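Chemist: Model the following, please.
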Amino acid sequence: MARPYSLSRREITLVLFSVMIFLVFYNFDVTSDFFANPNLPGISSNPTTDGGLDMDIYGDWVSDERHISSVHKQQEEKEDASEGDIWLKTDRVPEAQKQVIFGNIGVNDGFMHWGKDIPETRIVKHVAGFSIMDNVIMCNGTIFIVTDSPSSFPSLGSIASSADDLHEAPLPREWEMLSIEQARDLLGSYGGLIQGTSWLSYNAIPSNYTLFSLWRTHSSLNTSTDPFRPARRLFFPNIPTYKGVRPDLNGPIIRRQRSDSGFHPYLPKAAFPLLGLMYKEDWEDYALMEVPFVFERLVVADFGAAARSANNVPPFALPLVGLNASKEWWDPIRQNLAKFLHINHHAQNLDSGQKKTVVTYISRQDATGGSRLRRVDHNALVNALETLHESNDFEVNIVSSEGPWAERLSAVAQSDVILGVHGDSLADSVFMRPSGRSALMEFFPSDVFTRDAETAVRSLGIHYIAWWNDRWFENDSLPPVVPGSDLAQEVRIDPAAVVHAILEVVTRT
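Modeler: Numbering: from 1, shown residues only. As a prediction, the model looks like this:
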């Protein structure tokens, strides 16, 4: 019988030493604090001490659990600045408001199995080109309205247009109305659920008033018993993310230009911070999944359908005249932008203590296309406005339509009077602060007049004046609509008459 093996003294020593080393390094934080010599950089717990190795690893940054980055620090200071600030901590938002904003959605709530009880579409609000509907279904790129009462719905041509021709009603592959039985056979018994409110701009041609019109349509819910929740996403099914042909992925890197959606890409992020944007490629992703998706609530804007019905108002303005909303319907959006830009609405005359009148001239002299003032008239207007500024009762801003977005919108948002040549840049005038002396003055070439800017600002209670050279028109004296050509034209004005009109407008109240 073999003798049992016994460890030698040397082997026992090695085992004990190994266990001790393991325990030391396993509990390194504790043992290093216990054994650390502050003069030895290799085991110092403070990386800022004089140690070459620690400086190589840590640099001179002091580890501190209370330390936050400078960006977060600035945001925290903004959060504490004032109750009216836009930067709010979520723990300051009441629970009821959280429910309105965020809803009560779980990670598994993106799909639904309806069996034979397929969701039936409900029309909530409608005026030609602008509709609010519940339970609209999209499958394979086609938008379906499911109902056994088609007569209770407007025609598809009153809801939308064909993506190929905005003058025509949508094709069956674009929009279709199904009975419940047809929907069961075609769409099956389950699908995805796009929760909350979604906006859909079906226009292939962008408009500067898309967001304005959609919010007015959406705001019509604020006078009803329906819960009013902000939209979570805006779909552009017919506008790609980028212009031009997609480059070869194996070729050189090419910086692509974004498609024109009708507004500066910063604007929805500042004025509609909860709104996500989704373009043609995103819409195609949903279509290629070959599964029906139910829009819980869909707000549709189609300027083509509106144009086929509109008579004496611009297509974007139909919800302004056809759908009721509160008088303050635009205030939340205007305030969002003003807060984002940290606008000071209290510029004072240092002598009298009275609030100054802020006048902003949006110059198109740097624009690559479109109309602009004659150079001599532009220079004379700038000189006249600078003289007005010297009176100490006026604050004057002269900004370029092509200049930085924040600079231009900051000037607009604090303005009482805005001046500019007719064109897309004046669409931002809806963000000027409304008051008894707020006014937009739009310069046209002689015998040209459009009502886009006039209709938008007057719906907000802002006074409007149109100019032909030295003649000005307002209220019921506006000229007939004459669109004019798309060619760039030089616009003539009388700067002295413009300044006289400014003084008259601001002294009416």
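
Chemist: ok but Ile123 is inside a strand, no?
Modeler: Yes - assigned with DSSP: H, G, I helix; E, B strand; the rest coil, Ile123 falls within a strand.

Chemist: Pro154 is in contact with that one, correct?
Modeler: Yes - if you go by CB atoms under 8 Å, Ile123 and Pro154 touch, sitting 7.4 Å apart. Just so you know, the C-beta spots here come from the backbone N, C-alpha and C atoms, and that holds for glycine as well.

Chemist: I'd like to know how far Gly423 sits from Thr210.
Modeler: 17 Å (CB to CB, to the nearest Å).

Chemist: and the residue nearest to Leu341 when sequence neighbours are not counted, what pLDDT?
Modeler: Excluding the flanking residues, the one nearest Leu341 by CB to CB, 6 or more residues apart in numbering is Ser410, at 4.9 Å. pLDDT recorded at Ser410 is 96.

Chemist: Likewise for the one 4 residues further on?
Modeler: The per-residue pLDDT reported for Gln414 equals 93.

Chemist: same check, this time on the one 4 residues further on
Modeler: At Ile418, the model reports a pLDDT of 97.

Chemist: Pretty sure Trp178 sits against Ile145.
Modeler: Careful, residue 178 is Leu; it's not Trp. Yes - judged on CB under 8 Å, Leu178 makes contact with Ile145 at a distance of 7.1 Å.

Chemist: From the chain's centroid, how far away is the longest strand that the chain contains?
Modeler: Determined from DSSP state E, the single longest strand within the chain is strand 190-201. Relative to its chain's centre, strand 190-201 lies at 18 Å (CA atoms, centre = their mean, to the nearest Å).

Chemist: Report all helices and strands that the helix or strand just after that strand contacts.
Modeler: Next in sequence after strand 190-201, counting helices and strands by DSSP states H and E, comes helix 210-219. Helices and strands touching helix 210-219, as assessed by 3 or more CB pairs under 8 Å, 6 or more residues apart in numbering; DSSP states H and E, comprise strand 130-139, strand 190-201, helix 266-271, strand 293-301, helix 318-322.

Chemist: Averaged pLDDT, helix 210-219. What do you get?
Modeler: 96.

Chemist: And stretch 248-268, by the same measure?
Modeler: On average, stretch 248-268 scores 88.

Chemist: What lies in contact with stretch 213-223?
Modeler: 124-125, 127, 130-132, 197, 199, 201, 207, 228, 231, 234, 272, 299, 301, 303, 316-320, 323-326, 329-330, 333, 459 (CB atoms under 8 Å, 6 or more residues apart in numbering).

Chemist: now do 6 Å
Modeler: Under the contact criterion CB atoms under 6 Å, 6 or more residues apart in numbering, stretch 213-223 has outside partners 125, 130, 199, 228, 299, 301, 316, 319-320, 323-326, 329, 333.

Chemist: Over to stretch 146-161?
Modeler: By CB under 6 Å, 6+ apart, stretch 146-161 touches 120-121, 123, 126, 128, 131, 169-170, 175, 177-180, 183, 202, 302, 304-305.

Chemist: so what's Gly322 up against?
Modeler: Contacts of Gly322 (CB under 6 Å, 6+ apart): Val127.

Chemist: just the one 4 residues further on next, same as before
Modeler: Contact analysis of Ser326 by CB under 6 Å, 6+ apart lists Asn222.

Chemist: swap in Val417?
Modeler: Val359, Ala439, Ile502.

Chemist: how close does it get to Gly370?
Modeler: 22 Å.

Chemist: Where does pLDDT dip in the stretch 251-400 of the chain?
Modeler: 344-354 (pLDDT under 70).

Chemist: Tell me where it has helices.
Modeler: Applying DSSP state H, counting those that start in this stretch to the stretch 251-400 of the chain gives helices spanning 266-271, 280-288, 303-307, 318-322, 331-340, 375-389.

Chemist: Where is the longest helix in this structure?
Modeler: Counting by DSSP state H, the longest helix found in the chain is helix 9-26.

Chemist: Just the C-alphas of it, formatted as PDB.
Modeler: Taking Å, rounded to 0.1, in the frame of the first residue of the first chain, the C-alpha atoms of helix 9-26 are listed here in PDB:
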ATOM      1  CA  ARG A   9       7.500  22.800   3.800                       C
ATOM      2  CA  ARG A  10       8.600  24.600   0.600                       C
ATOM      3  CA  GLU A  11       5.400  23.600  -1.200                       C
ATOM      4  CA  ILE A  12       3.200  24.700   1.700                       C
ATOM      5  CA  THR A  13       5.000  28.100   1.800                       C
ATOM      6  CA  LEU A  14       4.300  28.600  -2.000                       C
ATOM      7  CA  VAL A  15       0.600  27.800  -1.600                       C
ATOM      8  CA  LEU A  16       0.100  30.200   1.300                       C
ATOM      9  CA  PHE A  17       2.100  32.900  -0.500                       C
ATOM     10  CA  SER A  18      -0.100  32.500  -3.700                       C
ATOM     11  CA  VAL A  19      -3.300  32.700  -1.700                       C
ATOM     12  CA  MET A  20      -2.100  35.800   0.100                       C
ATOM     13  CA  ILE A  21      -1.200  37.500  -3.300                       C
ATOM     14  CA  PHE A  22      -4.600  36.500  -4.700                       C
ATOM     15  CA  LEU A  23      -6.500  38.000  -1.700                       C
ATOM     16  CA  VAL A  24      -4.400  41.200  -1.900                       C
ATOM     17  CA  PHE A  25      -5.100  41.900  -5.600                       C
ATOM     18  CA  TYR A  26      -8.700  40.700  -5.400                       C
END
